[in-house]
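Asker: Sharing a sequence plus its predicted fold:
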Amino acid sequence: MNTLDTRGAGLSLQLDATGRVLLASLVPQPEVAAIDAAWLEERIAEAGAGRFRRDAAACELLLQQYAGGAAVAGLALATAVDAALAVRIAPDALLATLDITPAQGGTPISKEAVLAELGAKGITEGIALDAINQAIADGAAQDVEIARGRAPVAGEDGRLECLLPAARDRRPQLDASGHIDYRDLGEIQVVRAGEALMRRHPPTPGTPGITVRGAAIPPRAGKDIAFAPGLAGVAPAADDPNLLIAACAGQPVQVRGGIMVEPVFSVEAVNMASGNIRFDGSVKIRGDVAAGMLVSATGDIEIGGVVESATLEAGGSIVVKGGVIGRLGRKDAGDHHISCGGDFSAAYAQQVRVEAGDSIFIDDIAMQCDLLAANHIRVGQRRRGHVIGGRLQATLSVTARVLGSPNRIETRFEIGTPPALHKQLAELARQRDGEETQLLEVSKLLAFADHNPGRLPPATVEKAAHTAARLSAEIAALRETESALAQKADLARNARVVAEQAMYDGVVVTLGIQRYRVSGEHGAGAIGLGEQGLALLPAEDAVPAAPA
């Protein structure tokens, strides 16, 4: 007997009445040929169930029963499975995606079914019909974007625009890299009464967004900004409260939160004939300042000539078009000094003590001087740029063309973070902690008032609200100051003393507890922290990289 003729004898494969399930029946027959999984697959396909989902366990059982000569009745081998779909909405409700599980002998997904599911989930916005049609044509999909909402656009913060680009700026200045360029502070600028100075641009509300369900998403409104109270010498324009104009003639000066106009006092020279000058504003001296004289101003001081053994004190910057000459180190030196809250600039300096709240700029030469700057010292721009003798101290950098002299005159430099900066940071943190504690207590009071209307007098609630607003503003200002000082301390770790042309024996650099003495004559280079501590660095390392 031909074994092929007996293969599968007694085995019957038929669809059930629904046409969705393939059933197997087996009546054992004597002397039948063996069958395997491949043969069974062919028979399943011939029965019209080739695309149906297989029941692997049932198929294996059928093969075992057949081999063992056991009967089988109504064993489901394969079932028609319809395609399935799933629509997922992102947590922010700005995106909907589609998954389609392909049909296995069953009904495929239709466009109507997808749209019905979208409707059931309330998705109405940004439906992508082309993507839906393509997914249906493919018969399968995974994370296919089929609807997208529109994210809100945050409003722009309010800002203050200075309408005078040349106005002096007394706000803290610190470049992210700590780099410094020579600044020519120029002459004192004077505005007339009524001149436009600064415009306030209000914040914008932003643009609302919309979810795929059609719900509006409110935008984050821009932060408001207001002119600081008590700005001297300025007033809002009569027809525009967002415009500050000069209320009097004087020097415009940018400050935190606005601009002010300082009165300017002009004098030909300061000597015994003019007497000492103490002025609430800025002082402009066309000529010289004689020995022994005092000039004190809350604003800037501009001097067209030379200063000789005099005292200059300015809340802003000091510009000396000529030089400054003192008697530092001599028995008849006296108690003369120069100090300012901003920058100090002079053509040359000899035997003087200068302290600047920002940076010091000497164009030609600094000889036997005591210079102290909170940020940078720069000697040399259009002229020689020599530093010979004395002591120069700056937090971030000291730069000159030539450091020291061939005569080995000791020239001392101190760079890096001064102890006062660490003390200031600690004090700011202590002050902020105290105000945050106060704000927490006031916030508890306001929360109680919100949950218990009428329990507290309205005047108490109003006072608490004003206190909370004031504390919040003060805390924000303290955080801003802390951040700026912390950035400066970070920059100070990369402080440098830079020679653009040469440095000589006798130059001594100190950074914290480390000390480096230059031995011999060198060309361009820098002294700063290297891998082994304070060291002479190549010229290309003169400008350190900005801290991360």
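Answerer: Great, that's in hand.

Asker: Any idea how many residues pack against residue 244?
Answerer: If you count neighbours by other C-beta atoms under 10 Å, residue 244 ends up with 27. C-beta coordinates here come from the backbone N, C-alpha and C atoms, glycine included.

Asker: Verify the contact between it and residue 198 for me.
Answerer: Yes. Residue 244 lies in contact with residue 198 (C-beta atoms under 8 Å); the separation is 4.5 Å.

Asker: Now do the helices in the stretch 51-200 of the chain.
Answerer: Here the stretch 51-200 of the chain has its helices, by DSSP state H, counting those that start in this stretch, at 56-68, 111-120, 129-138.

Asker: likewise the chain?
Answerer: 37-46, 56-68, 111-120, 129-138, 419-451, 458-492 (DSSP state H).

Asker: Pipe those helices into TSV and attach distance to residue 395 per row.
Answerer: Shown next, in TSV, are the helices of the chain (distance: least, C-beta to C-beta, whole Å):
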stretch	distance to residue 395
helix 37-46	82
helix 56-68	76
helix 111-120	63
helix 129-138	59
helix 419-451	7
helix 458-492	5
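
Asker: rewinding a little: mind listing the shared neighbours of residue 244 and residue 198?
Answerer: Applying C-beta atoms under 8 Å, 6 or more residues apart in numbering, one finds that residue 244 and residue 198 are jointly contacted by 227, 234, 258-259.

Asker: Name only those of those that count as buried.
Answerer: Buried by 16 or more other C-beta atoms under 10 Å: 227, 234, 258-259, out of the shared contacts of residue 244 and residue 198.

Asker: Out of those residues, name the ones that lie in strands.
Answerer: Those of those mapping onto strands are 234, 258-259, per DSSP state E.

Asker: of those, closest to residue 301?
Answerer: The closest of those to residue 301 turns out to be residue 259 (C-beta to C-beta; 19.7 Å).

Asker: circling back to that earlier point, including distance to residue 51 and pLDDT, could the buried ones among the shared contacts of residue 244 and residue 198 go into a markdown table?
Answerer: Formatted as a markdown table, those follow (distance: C-beta to C-beta, whole Å; pLDDT from 0 to 100):
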| residue | distance to residue 51 | pLDDT |
| --- | --- | --- |
| 227 | 76 | 93 |
| 234 | 83 | 94 |
| 258 | 77 | 92 |
| 259 | 79 | 93 |
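
Asker: Is it correct that residue 206 is in contact with residue 223?
Answerer: No. Residue 206 is not in contact with residue 223 according to C-beta under 8 Å; the separation is 11.4 Å.

Asker: higher neighbour count, the two?
Answerer: Legend: neighbour count by other C-beta under 10 Å for residue 206 and residue 223, higher for residue 206 (16 against 11).

Asker: Next up, phi/psi of that one, please.
Answerer: phi 90, psi 180 (degrees, to the nearest 10).

Asker: list the contacts for it?
Answerer: Counting by C-beta under 8 Å, 6+ apart, residue 206 has contacts 152-155, 219-222.

Asker: Over to residue 513?
Answerer: Going by C-beta under 8 Å, 6+ apart, the list of residues near residue 513 is empty.

Asker: Quick check: nearest residue in space to residue 382, chain neighbours excluded?
Answerer: residue 363 (6.0 Å; C-beta to C-beta, 6 or more residues apart in numbering).

Asker: contacting residues around the one you found?
Answerer: Contacts of residue 363 by C-beta under 8 Å, 6+ apart are 345-348, 379-383, 385.

Asker: from those, which is closest to residue 477?
Answerer: Nearest to residue 477 among the contacts of residue 363 is residue 345, at 29.3 Å by C-beta to C-beta.

Asker: The closest one contacts residue 361, doesn't it?
Answerer: Yes. Assessed by C-beta under 8 Å, residue 345 is found in contact with residue 361 at 4.4 Å.

Asker: what about the stretch 151-300 of the chain, any weak spots by pLDDT?
Answerer: Low-confidence segments of the stretch 151-300 of the chain (pLDDT under 70): 166-187.

Asker: hey, where'd the strands end up in it?
Answerer: 159-162, 168-169, 196-201, 209-210, 216-217, 234-237, 240-246, 251-255, 258-262, 264-267, 277-279, 282-285, 294-297 (DSSP state E, counting those that start in this stretch).

Asker: Check the offset of the fourth one from the chain's centre.
Answerer: Counting by C-alpha atoms, centre = their mean, to the nearest Å, strand 209-210 is centred 27 Å from the centre of its parent chain.

Asker: Outside of it itself, list whatever touches it.
Answerer: 94, 125, 149-153, 216-217, 219.
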